[in-house]
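Engineer: how would this look folded up:
(3 chains)
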Amino acid sequence: MRKCLFQLLQLLIVLAFHQMPGIAQQRIVVFQTDFGLQDGAVSAMKGVAMGVSTELRLFDLTHEIPPYDIWEAAYRLEQTVPYWPSGTVFVSVVDPGVGTDRRPVVAKTRSGHYIITPDNGTLTLIARSLGIDSMRQIDEATNRRSGSQGSYTFHGRDVFAFTAARLASGVIRFGDVGLLLDPKPVMISYQSPIREGDRLKGNIPILDIRYGNVWTNIPEDLLKELGISHGDLLLVRIRKSGRLVYEGELPFVPTFGAVAKGKPLCYLNSLMQLSVALNQGDFSKRYGIGSGADWQIEVVKISR
Amino acid sequence: MRKCLFQLLQLLIVLAFHQMPGIAQQRIVVFQTDFGLQDGAVSAMKGVAMGVSTELRLFDLTHEIPPYDIWEAAYRLEQTVPYWPSGTVFVSVVDPGVGTDRRPVVAKTRSGHYIITPDNGTLTLIARSLGIDSMRQIDEATNRRSGSQGSYTFHGRDVFAFTAARLASGVIRFGDVGLLLDPKPVMISYQSPIREGDRLKGNIPILDIRYGNVWTNIPEDLLKELGISHGDLLLVRIRKSGRLVYEGELPFVPTFGAVAKGKPLCYLNSLMQLSVALNQGDFSKRYGIGSGADWQIEVVKISR
Amino acid sequence: MRKCLFQLLQLLIVLAFHQMPGIAQQRIVVFQTDFGLQDGAVSAMKGVAMGVSTELRLFDLTHEIPPYDIWEAAYRLEQTVPYWPSGTVFVSVVDPGVGTDRRPVVAKTRSGHYIITPDNGTLTLIARSLGIDSMRQIDEATNRRSGSQGSYTFHGRDVFAFTAARLASGVIRFGDVGLLLDPKPVMISYQSPIREGDRLKGNIPILDIRYGNVWTNIPEDLLKELGISHGDLLLVRIRKSGRLVYEGELPFVPTFGAVAKGKPLCYLNSLMQLSVALNQGDFSKRYGIGSGADWQIEVVKISR
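Structural biologist: Next up is the predicted model:
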């Protein structure tokens, strides 16, 4: 009788743990691609994942990465990964080199997130911000959807989504992914934010294009180093490949509503980095500002 | 021994209820924003929600609200909320006044739905159709993602999504949200549908832009009051700020297929409100019809 | 005491099976429409489904089918359905004939997938590739959301989504859908891929529009019949309604990276069908290639 009860208890424990999130896996997979949502590619990836385990929770980061734009894929990951629970598995498929010898990898960040991607620069920003704890090359002999060996062009579905689903659901462990690599992913070079005397220099990695806000990579800390605080007036110069595109004096304010409608402002965006905007307007469109490695910004504090 | 069995039963009951939907919460959160899906903002909101509870079920209403268009946010909520189960928690972030003193609120409708939004007019139409049962101001001292106190600009992630996830998962109850307010949200004024003698007047709140159909706020009941039924011919006049833009005689029919391809018709849309369309064509584009508070429609029954 | 334990065991078994996926249903519903994601229509469909059972897992195929384009709806289903687990329920609402007498049906494929759609040609390609095992007409007297009888225009929400949710959650079985029909759906006629001597002829059913790649319906098998293998040079002619639009000599290669940037190539797409592309360019835009029943492609092997 006692043995029977003991077995019941074991069963209960198994059931309970089956329910509990956070034991080893979160069973969460988040997808990012440059496929768009007009065809069935993203849905096929999710179907493959559901075929591995219907208990998975599938989400999207974005599928509107401009085609082949590895830099933007890297940026969107850095912007988003930290807000998901540790143990979440990300799949990022922006893969101009599909079929060539770029390595398919699973990177484990120091924060415990997993990122499955071709190693083509997509990990550049995450590697600097979160740090890569370890990285493995996906062994396609064991981690590939059965029946897909003849297909050369949809690794996103047959290798990346399949491996993500197996890892997130606990069918395989990180160690089963494949060969342990040196945790040094391919890196894209870009201008770092720096302080030079009384001025800050930085890069415009991305536009908040829905609103036309200009985001920089200059962090709050550098602003503080220069003693910049809310209410200060800043001289802002924006250059493309050295050529001056915009120059203006803007207040550094906590919120858009602190200036009149249509007026420019500097603020900290949701990543706590210096940004430039028009209140209820499109700064980037009005002044012809773009983003990328060749766009630079320079900031000097004028007065209070 | 009996005690042991009793405890087992308790455990079972806990497990069973943990599984059962609809006990207090549906664990459903539905997101609406004007962020678009090109960047990581919506995904970050969902990541924060998953960090609260991986048992939540997260859905989207739309993220394509035109930037700052509170009226359209209000309209989309009215169109959609009633079709979700009572207890569903909605997050609507169209927030031109972010950082100013507009109140972050949770409104509970008379139908038992929860809507989390800045109180800036977004609740206008829901307040009239479903009715607001009670409303609380979110106390950001207790209902804010830890570590987000320095961020001024992404309330959607740090306050609204976080609070929605905690409310939907049962971590907090409605009473824990914050101060009980007078259940009178900020209202946007707009033309109500009325009957004046033999004519109906109303507003064009929105276009069904995918197809170019023109939707009005004139309900089925007003049509019945005037004795309008399928097969009747209607004189329709559409004005912008009083200026006549369209005039035509259209049949009131049950379905698009009741008129020839390319012909105009009046019908009841899925909200059971009078609408105007071309069968397999774009009425709004052909006749230059828009939507908003300054667009009016007038309908007279001509004949059978 | 034994009886008590026995009942506990029964309870445990019920709980455990409640958890196990794949008992009769996968509880998965996948939605496809031509509604777009700008309004609340898709969300209302999902709300209705959640009202049937919060245990359902809801996904999207695409909602960007061009309005009324039944052919593309058929194509997206064929591209995607096989990658989802058997038992998955699909809802496809591209319905120019809504309200006319086209039949609302549930088709069960030979692979065990269910497709709920107006029978208007949407099943054309799935019927040829997967095969229809059986088909039933939805009895709207029993399978319609209560309170929706007055609405003529949103079958997607009130009949299709509602029935899908009930079928996927086990509230009804396939036999409860309605009258058993002859399993012969309405078919759209289109050019089949054929071999004529030393040449292959086929159709361009769709463009991979995100990248501008041209997809054909010529399968790998036909290429093998002609002895075409990687490294071969192919003469490709593309015609619209007989008129020559493109002629060129292209290598047949395993991956895009096998040719220089900007150069054209032939490859097998993820459906293992012959396709034409520019490496990191837009073939369809550069040469003005479209898709549809009137677009033809002809391929001859030139040399190794």
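Engineer: now do the contacts for A:Leu61.
Structural biologist: A:30-32, A:76-77, A:80, A:90, A:92, B:40, B:43 (Cβ atoms under 8 Å, 6 or more residues apart in numbering or on different chains). Placement of C-beta: from N, CA and C, glycine included.
Engineer: list buried residues within these.
Structural biologist: A:30-32, A:76-77, A:80, A:90, A:92, B:40, B:43 (16 or more other Cβ atoms under 10 Å in any protein chain shown).
Engineer: any chance of these in TSV, with secondary structure too?
Structural biologist: Formatted as TSV, these follow (DSSP: H, G, I helix; E, B strand; the rest coil):
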residue	secondary structure
A:Val30	strand
A:Phe31	strand
A:Gln32	strand
A:Arg76	helix
A:Leu77	helix
A:Thr80	helix
A:Phe90	strand
A:Ser92	strand
B:Gly40	coil
B:Ser43	helix
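Engineer: can you add pLDDT and distance to A:Ile126 and give these back as CSV?
Structural biologist: Output for the buried ones among the contacts of A:Leu61, formatted as CSV (pLDDT from 0 to 100; distance: Cβ to Cβ, whole Å):
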residue, pLDDT, distance to A:Ile126
A:Val30, 98, 13
A:Phe31, 98, 16
A:Gln32, 98, 12
A:Arg76, 95, 10
A:Leu77, 97, 5
A:Thr80, 96, 10
A:Phe90, 98, 9
A:Ser92, 98, 10
B:Gly40, 93, 12
B:Ser43, 98, 14
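Engineer: show the overlap between these and what lies near chain C.
Structural biologist: Restricting the buried ones among the contacts of A:Leu61 to those adjacent to chain C (criterion: Cβ under 8 Å from any Cβ of the partner chain) removes every one of them.
Engineer: which one of the residues you listed is nearest to B:Gly97?
Structural biologist: The nearest member of the buried ones among the contacts of A:Leu61 to B:Gly97, counting by Cβ to Cβ, is B:Gly40 at 23.4 Å.
Engineer: please name the nearest non-neighbouring residue to that closest one.
Structural biologist: Computed as Cβ to Cβ, 6 or more residues apart in numbering or on different chains, the closest residue to B:Gly40 that is not its neighbour in sequence is A:Thr80, at 3.6 Å.
Engineer: against A:Ser92, how distant is the one you found?
Structural biologist: Distance check for A:Thr80 against A:Ser92: by Cβ to Cβ, to the nearest Å, it reads 10 Å.
Engineer: ditto for A:Gln26
Structural biologist: Distance of A:Gln26 to A:Ser92, computed by Cβ to Cβ: 17 Å.
Engineer: next one: A:Arg103
Structural biologist: As defined by Cβ to Cβ, A:Arg103 lies at a distance of 14 Å from A:Ser92.
Engineer: gap between the residue in chain A that chain B sits nearest to and C:Ala277?
Structural biologist: Taking Cβ to the nearest Cβ as the measure, the point where chain A comes nearest chain B is A:Thr255, at 2.4 Å. Spatial separation of A:Thr255 from C:Ala277 under the definition Cβ to Cβ is 47 Å.
Engineer: neighbours of the residue in the stretch 101-250 of chain A that chain C sits nearest to, how many?
Structural biologist: With Cβ to the nearest Cβ as the measure, A:Phe154 is the residue of the stretch 101-250 of chain A nearest to chain C, at 3.5 Å. Residues within reach of A:Phe154, counting by other Cβ atoms under 10 Å in any protein chain shown, total 22.
Engineer: and what of the one 4 residues further on?
Structural biologist: Here the neighbour count serves as a burial measure; for A:Asp158 (other Cβ under 10 Å) it reads 25.
Engineer: please name the nearest non-neighbouring residue to A:Tyr75.
Structural biologist: The shortest distance from A:Tyr75 to any non-neighbouring residue, by Cβ to Cβ, 6+ apart, is to A:Ile206 (5.2 Å).
Engineer: more neighbours: A:Thr255 and C:Ala277, which one.
Structural biologist: Of the pair A:Thr255 and C:Ala277, C:Ala277 is the one with more neighbours under other Cβ under 10 Å, namely 25 against 17.
Engineer: spatially nearest residue to the more buried one (excluding sequence neighbours)?
Structural biologist: Closest residue in space to C:Ala277, ignoring its immediate chain neighbours: C:Asn213 at 4.1 Å, by Cβ to Cβ, 6+ apart.
Engineer: my guess is that neighbour contacts C:Phe283. True?
Structural biologist: Yes - the pair C:Asn213 and C:Phe283 qualifies as a contact (Cβ atoms under 8 Å) at a distance of 6.1 Å.
Engineer: where do the contact lists of the two overlap?
Structural biologist: Going by Cβ under 8 Å, 6+ apart, residues that sit against C:Asn213 and also against C:Phe283 are C:276-277.
Engineer: one step back: per-residue pLDDT of the residue of chain A closest to chain B, please?
Structural biologist: Predicted confidence (pLDDT) at A:Thr255: the value is 88.
Engineer: tell me the backbone dihedrals of it, please.
Structural biologist: phi -150, psi 160 (degrees, to the nearest 10).
Engineer: same deal with the one 4 residues further on?
Structural biologist: When read as degrees, to the nearest 10, the backbone of A:Val259 gives phi -120, psi 160.
Engineer: ok, now how distant is it from A:Ala168?
Structural biologist: Taking Cβ to Cβ as the measure, A:Val259 and A:Ala168 are separated by 45 Å.
Engineer: tell me the contacts of the nearest residue to A:Ala127 once chain neighbours are set aside?
Structural biologist: Spatial nearest neighbour of A:Ala127, chain neighbours left out: A:Pro185 (5.6 Å); criterion: Cβ to Cβ, 6+ apart. Applying Cβ under 8 Å, 6+ apart, we find A:Pro185 in contact with A:105, A:107, A:119, A:121-124, A:127, A:132, A:135.
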